[in-house]
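Trainee: Have a look; sequence and predicted model below, questions after that.
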Amino acid sequence: MRKKIVAGNWKMNLNLPEGLELINEIYNGAPELNKNKEIVIAPPFIHITQAASQLSNMEHVHLGAQNCHHEAAGAYTGEVSASMLKSAEVEYVILGHSERRQYFHEDGTMLAKKVNQVLSNGMKVIFCCGEPLEIRDAGTENNYVGTQIEEGLFHLNADHLANVVIAYEPIWAIGTGRTASSAQAQDMHAHIRSVISAQYGPDVAASISILYGGSCKPSNAAELFACPDVDGGLIGGAALKAEEFLAIVAAIPAN
Ligand code: PEP
């Protein structure tokens with residue numbers, strides 16, 4: 001059975017005391033979850049070591065990072081490597097977020113290298129994909145997202161892909177308040193699963209978790225998470241308030 005995951009991407013928000021307070025609130029408010037359900041929080045790099053010690057007793061809240069460099073080490077001023085994240089007890093690394101693709105020019109070739117860094121350091125990838133509005137309006141979103149997955153992930157074998165979670169985040173829905181309808185989300189998630197199935201076979205496709213992201217909030221999470229191919233969410237704005245984030249966690253279906 002594939003995992004249901006609610007992951008919070010804090011982006012460049014909250015200073016250290018604010019971040020630690022939010023973790024504390026999540027720590028105190030998070031429900032006991034069974035093994036098939038996970039909460040992930042991805043604070044800024046600078047919060048990570050203290051976040052790790054705050055979360056050390058908590059089995060179902062996992063620590064994530066928002067990015068890493070595509071090389072193992074070296075003269076890359078200001079960057080953070082996958083092995084540094086691993087040594088700070090990070091379990092998940094978000095890669096290919098549309099903001100990184102847009103503002104930092106991350107392309108498929110670079111993302112494939114980042115994926116390799118994360119996996120070879122024994123962590124899991126949350127691999128983001130999603131189309132801009134003009135692609136959705138042109139009706140070519142399936143091809144667009146399929147290509148992102150091919151470029152970023154298809155160099156992996158099935159064993160390595162088992163440590164990848166996909167997050168579908170239509171760019172027109174990120175931070176805009178405009179959520180994909182549950183039908184739009186389900187259609188794309190089913191498409192992504194078919195792309196994985198064509199490359200790796202139906203068993204691998206059935207076991208990969210695919211999260212939805214884009215203005216997911218307490219009022220729409222239950223409907224989105226009830227879609228058969230939606231296995232939880234990657235949450236931006238609503239992950240910055242414990243009450244909202246935990247209400248989204250509570251929307252994960254029982255089975
Ligand atoms: C995100 O950027 O990963 C995201 C889903 O943001 P928001 O929930 O704010 O739309």
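Mentor: Ah, there it is.

Trainee: Model confidence for the residue lying closest to Asn13 once chain neighbours are set aside, exactly?
Mentor: With CB to CB, 6 or more residues apart in numbering as the criterion, Asn13 has its nearest non-adjacent residue at 5.7 Å, and that residue is Leu240. (C-beta placed from N, C-alpha, C; glycine too.) With respect to pLDDT, Leu240 scores 98.

Trainee: What separation do you get for Leu240 and Ser181?
Mentor: Distance, Leu240 to Ser181, by CB to CB, to the nearest Å: 24 Å.

Trainee: which SS state does Val165 fall under?
Mentor: Classification of Val165 using DSSP: H, G, I helix; E, B strand; the rest coil returns strand.

Trainee: who has more neighbours, Leu240 and Ser181?
Mentor: Leu240 (18 against 11; other CB atoms under 10 Å).

Trainee: I'd say the more buried one and Leu22 touch.
Mentor: Yes: using CB atoms under 8 Å, Leu240 is in contact with Leu22, at 7.0 Å.

Trainee: any residues in contact with both of these two?
Mentor: Leu14 (CB atoms under 8 Å, 6 or more residues apart in numbering).

Trainee: Gly96: what's it in contact with?
Mentor: 106, 111, 114, 127-129, 148, 152.

Trainee: Please report the confidence value the model assigns to the closest residue to the ligand within the stretch 1-150 of the chain.
Mentor: Closest contact between the stretch 1-150 of the chain and the ligand, by CB to the nearest ligand atom, is at Asn9 (4.3 Å). We have a pLDDT of 98 for Asn9.

Trainee: Burial check on the closest residue to Gly214 other than its chain neighbours, number of neighbours?
Mentor: Once flanking residues are discounted, Gly214 sits nearest to Ala173: 2.8 Å by CB to CB, 6+ apart. Neighbours of Ala173 under the rule other CB under 10 Å: 22.

Trainee: just to revisit the earlier point, neighbours around the residue of the stretch 1-150 of the chain closest to the ligand, how many?
Mentor: 26.

Trainee: before we move on, the earlier item: ok, now which ones touch the residue nearest to Asn13?
Mentor: Leu240 touches 8, 10, 13-14, 22, counting by CB under 8 Å, 6+ apart.

Trainee: The same query, at a cut-off of 10 Å, please.
Mentor: Each residue near Leu240 by CB atoms under 10 Å, 6 or more residues apart in numbering is listed here: 8-11, 13-14, 18-19, 22.
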